[in-house]
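Colleague: Generate coordinates for the sequence data below:
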Amino acid sequence: MYTILLVIHSWFRWLVLASLLYAVCRSFYGWIRGHQFTAADNSVRHVTATVSHIQFLIGIALYFVSPVVLYFLQNFNTAVHQRDIRFFGMEHITMMLIAICMITIGSVRAKHKGTDRAKFKTIAIWYGIGLIIIFLSIPWEFSPFTNRPYLR
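Modeller: Numbers count the residues shown, from 1 in each chain. This is a model prediction of the structure:
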């Protein structure tokens, strides 16, 4: 179970990043150019939030079957001082939860905005913040926090 979830989580992150990047760029463009917020824009908003939520649920499932997290929880006093273990046991999940909250807030607020420009601006800002947090919290091969391969 752990290996399957790890592979799915690793591959699905690319869909999350691509959809967020697309949504942020499209929203900035619509905001700056004053475009009309169309049904396609609304679909991008919704699909991006949904993809992000699915990834978060996969990550939560992975969190509860991960041997790294299990070690962290069972040996907290020791593990909290080990960089790689602490990253996955505490930092990664906390930052991803914050990012998902940003994306969710942005999606809900944009849906209720009265003008097209306000909808684009809301998505651009909130999804942009979520994207930055996610990008910083992924264990990239070049990350100073901890690193893992690009694909499992």
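Colleague: And the residue nearest the centre of the protein?
Modeller: Nearest to the mean C-alpha position of the chain, by Cα atoms, centre = their mean, lies Ile134 at 4.6 Å.
Colleague: So which bits of the helix or strand hosting that residue are buried?
Modeller: Using DSSP states H and E, Ile134 sits in helix 116-137. Using 16 or more other Cβ atoms under 10 Å as the test for burial, helix 116-137 gives 116-117, 119-131, 133-134, 137. Backbone N, C-alpha and C define where each C-beta goes, glycine included.
Colleague: Any idea how far that helix is from the middle of the chain?
Modeller: Relative to the mean C-alpha coordinate of its chain, helix 116-137 is positioned 11 Å out (Cα atoms, centre = their mean, to the nearest Å).
Colleague: And it, what does it pack against?
Modeller: Contact partners of helix 116-137 among helices and strands, from 3 or more Cβ pairs under 8 Å, 6 or more residues apart in numbering; DSSP states H and E: helix 2-33, helix 39-65, helix 92-112.
Colleague: what does it contact?
Modeller: 16-17, 20-21, 23-24, 27-28, 30-31, 34-37, 41, 45, 48, 52, 91-92, 95-96, 98-100, 102-103, 105-107, 109-111, 113 (Cβ atoms under 8 Å, 6 or more residues apart in numbering).
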